[in-house]
Every structure is written in C-alpha cells, then in structure tokens.
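# sequence and computational prediction follow.
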Amino acid sequence: MVWDFVFAGEEDESQHLAWHAVASWTWDAQDETCGICRMAFDGCCPDCKLPGDDCPLIWGACNHAFHLHCILKWVNSQTSQAHCPMCRREWQFKG
Amino acid sequence: MADSISSVCNLAILDKLSDGSIEEILESYNGFCAATDTLLNGAGDLSVGPQFVSHVHGLCKHGLESLLRDHFLGALERTFEKNGALKFWRHFEAYDDVSVEEEVFYNALEEISLEKQYQEKCLLILVHALQSYNHGSHDSNEYRVELFAKYQMSVSSVLMATLPRNFPEILHWYFKGRLEELSTIMGGDFPHDDDDDDDDKDDMDLDDKCKVSYRSGQMEIDECYPQGRFLDNNKLVSNIGKVVRDLRSLGFTSMTEDAYASAIFLFLKAKVHDLAGDDYRISVLESIKGWIQAVPLQFLHALLAYLGDSVSYDSVSSGLKSPLASCPSTFYPGIDTPSEGLVRWQLRLEYFAYETLQDLRITKLFEIIVDYPDSSPAIEDLKQCLEYTGQHSKLVESFISALRYRLLTAGASTNDILHQYVSTIKALRTIDPAGVFLEAVGEPIRDYLRGRKDTIKCIVTMLTDGTGGNPNVSGNTGDSLLEELNRDEENQENAGLDDDFHTDDKQAWINASRWEPDPVEADPLKGSRNRRKVDILGMIVGIIGSKDQLVNEYRVMLAEKLLNKSDYDIDTEIRTLELLKIHFGESSMQKCEIMLNDLIDSKRTNGNIKATITQTSQAGSELGDNGVSMDVFDATIISSNFWPQIQDESLNVPGPVDQLLSDYAKRFNEIKTPRKLLWKKSLGTVKLELQFEDRAVQFVVAPVHAAIIMQFQDQTSWTSKNLAAAIGVPTDILNRRINFWISKGILAESLGADSEDHVFTLMEGMVDSGKNGGTNGSIEDLIVADEEGESSVASVEDQLRKEMTVYEKFILGMLTNFGSMALDRIHNTLKMFCIADPPYDKTLQQLQSFLTGLVSEEKLELRDGMYFLKK
C-alpha cells in the first residue's frame, strides 16, 4: 500500500488542510473580578456593552487591576490624591 | 221549564205539523235525496238541476234548511271518497317506491281535480237554490264562502284520512325531478355548472362576476333572450305551478310546500357539496350565490307568479332585501321587482347555502389549514359564511376535536405541530381579527406543546432558519418565519398607523366610530380588543411562557453554529439577530450580539496575527518537514463569559498544529497585551484530504477526528489504549469518535490481545466503503463529519443542572431541618433566602426537574408530593 497523507504546506495547492481552531481570550490578571464593579474582568464594566478592547483593564503601580472605566470614575471622584480601592496605596497608573 | 225546552228545540213546531205537510216533507226529502244522488253520481249531468232546486225549496219551506245542507255535504263527502280519493290513491298503488312517473302523477291530479270541480258545481247549485229561496235574507257571499270552506275541509279530511304513507315522498321526488330538469335547462345558460372545465376554475371568481354582469347587461338590451329561455321553462314551470295549485286545492298546501322546499334545499345542498368539493384553492361562494339566483329562485319566482302570490310590495321588499344582494337589479334578470315572498325565499336559501358551506368547510378545516395559504379562498368563504350565520362556536368545537384527534398525538412531529399552529393563527386571523376564537383554538395546542421537550428548540429553528439564506431576494420561499413576521408587521404598520394618531381629534373620532363590540364569546378576563391584537410571535412565545427561555435557546444554537463556522461569514446571523432585537428588545439579545461581535473581531485579529506572524516565521524559517503553514490556520476567539457553557474536552492535537497554536497565542499576546488566549482544542473544524494510492478524499471533521487520523500517518496500526494516550482523550471517547473513520471505511477495528484493547488499522483505500465504493479513483469526495448528536455547546438542560447544583446544599440542608417539604415550599424558601450571589431565579418547573434529578440520583425521596432526604 502506498498512500500519502499530505499537508497543504508540502503541496502546491494550499487548500488540502485547513484548521479552524477556537480559543477564548482572557485578561492576564491575578483576579477574576473587578474590585470596583464586581463584574468579571472578562466581561465588561456596567457602562459598557462590549468586552475586550472596548472595556480594557488597567493596572496600578500596586499591581491591582480594574476596568479602566471603573478606576477612572473612582479617581475622578476623589478630590485629593486617589488611592487604590484595594490596598489604599496611592493610585498610580502602571506605566 | 217547557218554555226553555221549546226555545231550544222548538218542539212545538212538531205539533203544528199536519199530516199533509209531513207527507210533503217526506216527499220532498225523498226527492231531494234521489236528486242529490243522481246529481253527484251523474257524471257531469246537471239536468236534474231544476228538480233538485224545487225539492230544496220545498224542504226550506218547512225550515229544514240545515238538514238538507248537512245531508248534501255528507253525500258530497261520501261520493268524493268513493269517486275521488280512492281512485286518486289507486294511481299510486302500483308504485312501491316513490318514483312515480310524471304522466301518472299529472293524470291522477287531473282526474281528482275534475271530480272536485264537478262537485263544486253541484255545491254551487245548492247554494243558488238556497239563495233563490232566501232572497238575500242571508249575506249571500258569506254563506257561500262558509259552505265552500266546509266542503274544502271535508275534502282534505277525506284525503288525509286515506293518505298513503309514501305520498309526501312521492311529492318530494316529483319536485326534485322537476328541479333537476329546470337546472339542466338553466345549466346551459348558467356559467358554472358541472360541465364547466377544470382549467378555468382557477379564475372562477372573477369569471363568474364578469359573466353575471355581462348577462344582465345583455338582458337590458335584448329582451328576447330571457323570453326565449323563459319559454323553455314556462311549460315546465306552469306544469309545476298547476300541480302545486291542484295540490293546494286538495288541501295539501303545507305538504306541498314542505315537499318543494325540502326538494329545493336538498338540491341546493347537493349543489353546494358539488361546487365546494375538496378543492380549497378557489372561492365558491360567489358561484353558489349565482346558482341560487339562476335556478331555485327562478323556479320559485315562476311558481309564485303562477300561483298569483307575486304581488309587488315595493316598499316592503326593499326593507327586507338580502343584505348580500347588494344590487338586486343585476340578479333578477327579466324580473321587475322581487316580491316579498321571493325575497324571503332568497334569504332562506342563502342562509341555508351559507350554513351548508360553512359546515362543509368546518369539518374540513384541518385540511384547509394544512394547505394554508393555498387554501385562503376557502378561508375567505368560511369567513363570509360565519359572518352571516354567526356559528363560530361550532367552528371552535369541531376544530379543537380535529386537532386533538389528528395533530396533538405522539406521532406528529413538533415541527409539524408548530407549523400547523402558525397556519392556524394566520388563517383564523383572517376569519376573526379580534382573535377571540383563536384564543380558544390555540389553547389546546399550546398546552400540548408545553409538554414536549423539543418545543423550544423547534421554535428557535423555525424562527431563525431561513434555508434560502439570501437576504437580497425578498420573499423567497426559504425565508425564516421571523423574516415573514417582520414583513407582515411592516405591512401592518404601513397600512394603519392608528396608535400614533390618537392625539389627532379627527382620527380619534374615526377610530371611535369604527369600534365594534367584542363577540359575545369573548372572555372578559382576557382584556380588551386592542390588547388582544393577534401577534404571531407573541403567541409562539406564549407557548414557552417567557422570552428568556427562547433567547437562551437561541443563544445555544447560535453558539453551536458560530463555533462550527470555518469562515467568518455571519451576515445571515446578524440579520436574524437584528430581527430578534426588534421583537425581544436590545438588552435581552446583548449576549448574542457580543457573540457575533467576537466573530467580527476574530476575523480582524486573525488577519492581523497571520500577517505579522508569517513575516517572522518566514524569517526564522521555523517550518520543519512536517510543519503546517500559518496560511491554513484560522482561529475564532470568543469572549467566553458571554457564550453558553462550552464543553471542552482535552485533546492533544498533532505536533505541528500544536506548534501553530502556541505561535498564534504568542502573537496574540504580543498584539493584545495583557490578554492571552486559551485554546479550546476540541472545538473548531478541520478540512483535510486523505491521499491514497488511487484517490484523494476530502473530509470536514472535528479536531478530534483529525487528531486521530493524523496519528496513522506514521504508524498504520494502533491499539486503542495507545492511541487514546497519544491524542490525550479517554479511551471510551476515543472509541466513540473513531467510529467515524471506521464507518467511512478508512480504519478497521479488530480485537487485540487484550479484549479491552482494540486494534485499529488503516485500510488500503476505501475498499468496502458502502457509501463511496466508487470505482473511479479520481473522485474527490467531500464528506462532512456528522456530529453524532454531540454538540460542542452545553445544552440548556445541562446548563440548568449546573446552575442548580449551587442550591443543592441549601435544599439538602432545608430538608435536614424540616424533614419533608413540598415543592412550592422549597421554591419559596429558596426565593426568600437565596437573594444574593447567585440570586435564585429559577421557575417552579426548573426546580421540579432538578429535584427529580436528585430523586433519581437517590439523594432525595418523593412521597405524596413531599420531598424527603433519602436515608
């Protein structure tokens, strides 16, 4: 028996093999949910409709992550220097 | 005392009678009797007349007027019985059945009428004799009328007393025969009769109207034409008229009327059945009405005219006109104004026709609705009939029983039931726009569907699956129900923008004046007419109870569909989602929208990653011998939080592919920091080609299938344990999945050394593959792996079970404390205490099915509706 199992790469025509995979994305954060809105990081903040790029996470210098919109709201509501809602350190956006 | 007697009997008069006068009386009486006999039996000989008159005078002189009168009438009666009635009935004796020949019938009637006429003449002689004696002391006319009435009475009583049992039937048969004759004569003229060709039945309705008006138009111009036809009928009708008159004079008035009425009705019924038939694609009402005008009404008109009843009551008849005969002048060709009697007849006949047609259609309503919308003319007919007869409840009852008997059975598929339900809604909406009867009819279907497990799935499929899938062609047959509904709605909105204009006074007035009360059958609990406006989608959602369940099911189906897509083409899905958003609101479709958005994002990201990765990999020349180019690789990246639960199985994909996956993920991480990818390796689709010595076969399979077959590239025989280890799935799953390749004839299974351990070997070509046993080696088959009922997305039930497990502890704890609890108590307690994270939001039914699951797992026990902990 001579038979061949050909991958597309070896042949001239490229459509002999097509692999369509499925993946899910996740934020590479230590926590599951946003400490402010209690929504999942992989979801979105209460004001957003679409997760992912439209509702990104932001890390502070203290390494705590929040939804960008949530922490911005928090920071803007503070009259003086804002602190991280989790650890009370001064809030600095992580460069 | 004596006085009082004499005043009554006037016995004193007897004393005054002399012998001479007694003799005179006797003589006159004998003479009178003899003359009477000769007169009555004299067969037309009236020569004894003068003698008779003198005897009468003689008796009258002695005040015996009443005596002689009674005697004469008695004699008449006896003679009539002997000469008339017996002979008359003898004519029919020869016929056992009712089919008496026309001639015999005429002769018999003729004979008895002659006899009666003769007797009436005799009676007239008596009357004259009495009158000439009395010289106007009586009111002569009144006297005559009284006598004739007595005579008439005796005649009819004689006939009735001797009536053979089958005589009414004979009459009926006679009229039926004549009517048929008339119908055939008219039939040549009437446009729609049996001889009508089938092929012009389609445009019958239109055709009919044209012809009627054409005909009537011609009548006005050319008066000879109807006359000619009437001459044909005249003889026939006058014969009938004569028969009717003769029968009436014999005292058979009501019997005759019964006979011809029943004949007409039966004939009409047969005609309706004949015209209506089993073809629902044409409207028959017009032709039936036309036929009523053409045959029975003409017949009745002629008959009534002949009998002299046809006096014109212009003012009265106009008020009594059939509401359906909008322009009667068109319908009475050759007849000036319909008499009141005729209008009454017309109303009766039309009502009867409507009722007959309605009954006919109602019994076949199930079939008609199956054929909907082809059968809409029949529905239209039925609607008109019901408007006239008002027997909607009959429809409801009969249709419900037909439904129960024919549709709501285990044999009918849920899809069929749903389709019938939708057709029913559409059809009944035509008949009854208020939806009152629909409510009643729909209830059993809804109840039944609620008991079926696959109802939601079927509904969602029906709503969203347009098989055509080409949104550019409007109105193609493959449109999903949803699209159709949407079109309907747009049409409705365009037709009447009523709700928005309530502020406008004029419009409000128009609306108010258009108001009609609900039908009496309406259930006052169901709210007012406006709220009951028929909404098909609403009624379908009503089957399930809430739109949330429907949306959830849709989400699962959508996920399944999207995950199995190998391209990113989601135009139809977007369209469906937009339509669903219109009906269910934006917020409930939010998750579905994110899912579609993921696909769009994936397409972009995929392109981006591939574009950047090829540069780097080409530069680094990472591709080994067995490497797979990134060109053939695509990925769908999902936001897993918004997708239904996905059943991810572990799987070791072939090395080169695995390399691709990690490259891809790395690139994604670079582009989208700090996001990373988690592969769902068992999901997706793989298109691959197997090249054999003599052929190449293409397959579209799940990754697990691809992983399996790729293992055979290097090693043509594997034991199941080894293979399972190599691709990283449990042995039982492997055994299930590998069946795909075995069934395609590519792998063969044989028992290995260990009975648990099977050996799979690659076959040389696809020798004994039943499906693809082609001889031509160059055939390329594209075979799509069937999913074997396995879905990559967790079904709604699975999800529910998973969500409910949170509450299992609560429930077990409650039961430990309380001992036993009923279903609704558990439900209420959960509702009360589980308010935070995750709040308890399940329905009673969902809880029940979960508890049933616990019972079957032997954690709980159910006795008399109470749940216990299993000890």
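Yep, it's here.
# measure the spatially most central residue of chain A to A:T33 for me?
By C-alpha atoms, centre = their mean, chain A has its centre lying nearest to A:W27, at 3.1 Å. Look at A:W27 and A:T33: by C-beta to C-beta, to the nearest Å, they are 11 Å apart. Just so you know, the C-beta spots here come from the backbone N, C-alpha and C atoms, and that holds for glycine as well.
# same deal with B:E103?
The spacing between B:E103 and A:T33, counted by C-beta to C-beta, is 105 Å.
# residue ranges for the strands of chain A, please.
A:4-5, A:18-27, A:57-59, A:65-67 (DSSP state E).
# do the same with chain B
B:633-638, B:675-691, B:696-701, B:717-719, B:747-751, B:758-762, B:782-784, B:820-822, B:860-863, B:866-869.
# so what's B:T731 scoring on pLDDT?
With respect to pLDDT, B:T731 scores 83.
# now do B:N669
Taking B:N669 on its own, its pLDDT is 86.
# repeat for B:E857
pLDDT at B:E857 comes out at 83.
# again with A:H69
pLDDT, A:H69: 90.
# hang on, the earlier thing: got a markdown table for the strands of chain A, with distance to B:P644 too?
Compiled in a markdown table, the strands of chain A are given as follows (distance: least, C-beta to C-beta, whole Å):
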| stretch | distance to B:P644 |
| --- | --- |
| strand A:4-5 | 35 |
| strand A:18-27 | 12 |
| strand A:57-59 | 24 |
| strand A:65-67 | 24 |
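# a markdown table for those strands, including distance to chain B?
Listed next are the strands of chain A as a markdown table, based on distance: least, C-beta to the nearest C-beta, whole Å:
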| stretch | distance to chain B |
| --- | --- |
| strand A:4-5 | 4 |
| strand A:18-27 | 4 |
| strand A:57-59 | 7 |
| strand A:65-67 | 9 |
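# buried deepest among the ones you listed, which one?
Sort these by mean neighbour count, taking mean count of other C-beta atoms under 10 Å in any protein chain shown, and strand A:65-67 sits at the top with a mean of 26.
# list the strands paired with it, with their directions.
Note on strand A:65-67: by DSSP bridges, its sheet partners are strand A:57-59 (antiparallel).
# run the chain-centre distance for the strand it pairs with.
Here strand A:57-59 is found 9 Å from its chain centre; the criterion is C-alpha atoms, centre = their mean, to the nearest Å.
# what sits up against it?
Where contact means C-beta atoms under 8 Å, 6 or more residues apart in numbering or on different chains, the residues beyond strand A:57-59 that reach it are A:27, A:29, A:41, A:65-68, A:71, A:93-94, B:674.
# just stretch A:32-40 next, same as before
For stretch A:32-40, with C-beta under 8 Å, 6+ apart as the criterion, the contacting residues are A:41, A:45-46, A:64-67, A:70-71, A:73-74, A:85-86, B:641.
# okay, the residues you listed in TSV with distance to B:L247 next?
Listed next are these as TSV, based on distance: C-beta to C-beta, whole Å:
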residue	distance to B:L247
A:F41	100
A:C45	96
A:P46	93
A:H64	110
A:A65	107
A:F66	105
A:H67	100
A:C70	101
A:I71	106
A:K73	102
A:W74	106
A:P85	108
A:M86	110
B:N641	92
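# drop anything exposed from those residues.
A:41, A:45, A:64-67, A:70-71, A:74, A:85-86, B:641 (16 or more other C-beta atoms under 10 Å in any protein chain shown).
# how much space between B:R514 and chain A?
Using C-beta to the nearest C-beta, to the nearest Å, B:R514 is found at 43 Å from chain A.
# who are the packing partners of the helix ranked longest in chain B?
Using DSSP state H to define each element, chain B has its longest helix at helix B:102-134. Contact partners of helix B:102-134 among helices and strands, from 3 or more C-beta pairs under 8 Å, 6 or more residues apart in numbering or on different chains; DSSP states H and E: helix B:19-41, helix B:49-61, helix B:65-79, helix B:86-93, helix B:140-161, helix B:167-187, helix B:224-249.
# residues near residue 35, how many?
In the absence of a named chain, chain A is used. A:G35: 17 surrounding residues under other C-beta atoms under 10 Å in any protein chain shown.
# that's the wrong chain, I meant chain B
Neighbours of B:A35 (other C-beta under 10 Å): 23.
# who's in contact with the closest residue to B:G58 other than its chain neighbours?
When the adjacent residues along the chain are set aside, B:G58 lies closest to B:S28, with 3.5 Å between them (C-beta to C-beta, 6 or more residues apart in numbering or on different chains). With contact set as C-beta under 8 Å, 6+ apart, B:S28 has these partners: B:55, B:58-59, B:62.
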